[in-house]
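>>> Make a model of this:
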Amino acid sequence: MKKMIFFVACILLCTNTFLIFAQDSAKDYYNRGVTKYFNGDYKGAIEDFLKVTNLDPENKDAYCYIGLAKSFLKDYKGAIEYYTKAIETDSKYALAYYNRALAEVNLGDFAGAIADNTEAIKIDPQFTSAYFNRGIAKGSSSDYKGAIEDFLKVIKLQPENKEAYFSIGLAKYSLEDYKGAIEYYTKAIEKDYKYALAYYNRAEAEQKIGEYLKAINDYTEAIKIDPKNKEAYHDRGFAKSNLNDHLGAIKDYTEAIKIDPKYALAYFSRANSKKALKDYSGAIKDHTEAIKIDNNYSPAYNNRGIIKIDMGDHKGALKDLTKAIEIEPNYALAYSNRADVKIKIGDYKGAIEDCDIALELDPDMFVAYNNRGVAKVQLGEFRSGIEDLSKALKIRPNIDEAYYYLGKAKFLLGDKAGAAADYKKACELNEKYLKQPYE
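This is a model prediction of the structure:
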């Protein structure tokens, strides 16, 4: 899913008040610089404003405009330099503090941005944009509660500000308050019924609390407003897959791919839905396409390896799972899956080694306890195997394989009653074990 971030189109502010200059030529340069700036000729504007500052070193607005022009040219360090000069000329220049904060945000200096916006607010307590930008900086620093406080101040000053409601939704989502996020995304939508991003993000929050039908409806609204939104198609497909509507999911993933044929995640997700429908060759084809787009896509290697296990291609599965681990050495699930392959080819010691690593990385991985337990039972390490299988069942009850091998270990240790109970449970969970009695 698309990992979610704070986003806002901030309007750069600067006064265009025309001052009475000591020299007419300074005024001429200033006016010409303003014209160039608003026509998008930022380099030309900088040249003219520099001439202004040479003639009138105390002209704070010229310094501010140079900062603005440099910001548009993405020279944020240069912009900060000139905003600072404007502030040195007038320490009460709220707009310069605000604009310097915008540049600092673009450089990732959120602490600096918070400090500068705070100065701007001290000078002008009604400076709505400074509250908003400070909220963005706080959110980017993971101070989500502080961000919400600032966005609420924006709403108090501007009750119709949809971006403020939306940004509170983002902050609450980051705090895992998904219902609270939905509440504020809804308020943003009430301010603008064509706010596609608010529908999309509300759907993301709805997915988090399992309200998949509502999420599907919101993704659909987002798509109506923005038919080229590949993420909305993809995530609607994901919601459908959570409802086991894999055919519907595949249709949405396919639409996302039509919009962006290089959308690796859509191929990956479509492969997972195809696997659920037992279209293994189609799933492998899609994972392969995802890997062509992104050769370091470790989950695609992992999932393609799992499909190859199901198809009995143990050699191919080992190769894919090993590649996933090479790309991502801390990929616990890939180690556990590779252990599963090794069990199937009789490499029980190798399987135990992989499970040991998986459990070091994720001590609560039930499948790794299960696989290690199975491997130990196969090696005759019955008591240790029972311990691992019991841990797996404690974390995740009703693992049929765990009950089967737990019973087998007890059977071989002479605990016939315990073995019978576990075997019965395994058969209740999966009828295939009816054909595999202990001997």
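>>> alpha carbons only for contacts and neighbour counts from here, please
Noted.
>>> hey, where'd the helices end up in the stretch 51-200 of the chain?
60-72, 76-89, 94-106, 110-123, 128-140, 144-157, 162-174, 178-191, 196-208 (DSSP state H, counting those that start in this stretch).
>>> Contacts only, for the closest residue to residue 164 other than its chain neighbours.
Take residue 164 and drop its neighbours on the chain: the residue closest to it by Cα to Cα, 6 or more residues apart in numbering is residue 151, 5.3 Å away. Residue 151 sits next to 131-132, 135, 164-165, 167-168 when contact means Cα atoms under 8 Å, 6 or more residues apart in numbering.
>>> quick one: which of those has the most company?
Of all these, residue 135 has the most neighbours under the rule other Cα atoms under 10 Å, reaching 32 neighbours.
>>> any idea of the mean pLDDT in stretch 345-357?
In this model, stretch 345-357 has an average pLDDT of 98.
>>> just to revisit the earlier point, now tabulate the contacts of residue 151 in TSV and tack on pLDDT and distance to residue 389.
Formatted as TSV, the contacts of residue 151 follow (pLDDT from 0 to 100; distance: Cα to Cα, whole Å):
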residue	pLDDT	distance to residue 389
131	98	55
132	98	53
135	98	49
164	98	51
165	98	49
167	98	46
168	98	45
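>>> can you list those residues in JSON lines and add distance to residue 266?
Below are the contacts of residue 151 laid out as JSON lines (distance: Cα to Cα, whole Å):
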{"residue": "131", "distance to residue 266": "38"}
{"residue": "132", "distance to residue 266": "34"}
{"residue": "135", "distance to residue 266": "33"}
{"residue": "164", "distance to residue 266": "31"}
{"residue": "165", "distance to residue 266": "30"}
{"residue": "167", "distance to residue 266": "27"}
{"residue": "168", "distance to residue 266": "29"}
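>>> what's the closest of those residues to residue 328?
Of all those, residue 167 has the smallest distance to residue 328: 33.4 Å, by Cα to Cα.
>>> ok, that closest one to residue 222 distance?
18 Å (Cα to Cα, to the nearest Å).
>>> can you check residue 63 too?
On the measure of Cα to Cα, residue 63 and residue 222 end up 42 Å apart.
>>> same check, this time on residue 382
Relative to residue 222, residue 382 is positioned 56 Å away (Cα to Cα).
>>> cool, residue 120 as well?
Distance from residue 120 to residue 222, counting by Cα to Cα: 36 Å.
>>> same check, this time on residue 309
39 Å.
>>> Looking at those two, which is more packed in?
Of the pair residue 309 and residue 222, residue 222 is the one with more neighbours under other Cα under 10 Å, namely 25 against 20.
>>> Residue 196 is in contact with the more buried one, correct?
Yes: assessed by Cα atoms under 8 Å, residue 222 is found in contact with residue 196 at 4.5 Å.
>>> Flag the shaky bits of the stretch 301-439 of the chain, pLDDT-wise.
Nowhere does the stretch 301-439 of the chain drop to pLDDT under 70.
>>> Which parts of it are helices?
Here the stretch 301-439 of the chain has its helices, by DSSP H, counting those that start in this stretch, at 314-327, 332-344, 348-361, 366-378, 382-395, 400-412, 416-429.
>>> With respect to burial, which of those scores highest?
Across the helices of the stretch 301-439 of the chain, averaging neighbours per residue (mean count of other Cα atoms under 10 Å) puts helix 366-378 on top, at a mean of 27.
>>> who does it touch, helix- and strand-wise?
Here helix 366-378 touches helix 332-344, helix 348-361, helix 382-395, helix 400-412, going by 3 or more Cα pairs under 8 Å, 6 or more residues apart in numbering; DSSP states H and E.
>>> Now render those helices as a markdown table, adding distance to residue 273.
As requested, the helices and strands packed on helix 366-378 are exported to a markdown table (distance: least, Cα to Cα, whole Å):
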| stretch | distance to residue 273 |
| --- | --- |
| helix 332-344 | 19 |
| helix 348-361 | 26 |
| helix 382-395 | 26 |
| helix 400-412 | 24 |
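>>> The ones you listed: which one's closest to residue 314?
helix 332-344 (6.2 Å).
>>> Need the contact partners of that closest one.
By Cα under 8 Å, 6+ apart, the residues outside helix 332-344 that reach it are 302, 306, 309, 314, 317-318, 321-322, 324-325, 348, 350-355, 357-359, 361-362, 367-368, 371-372, 374-375.
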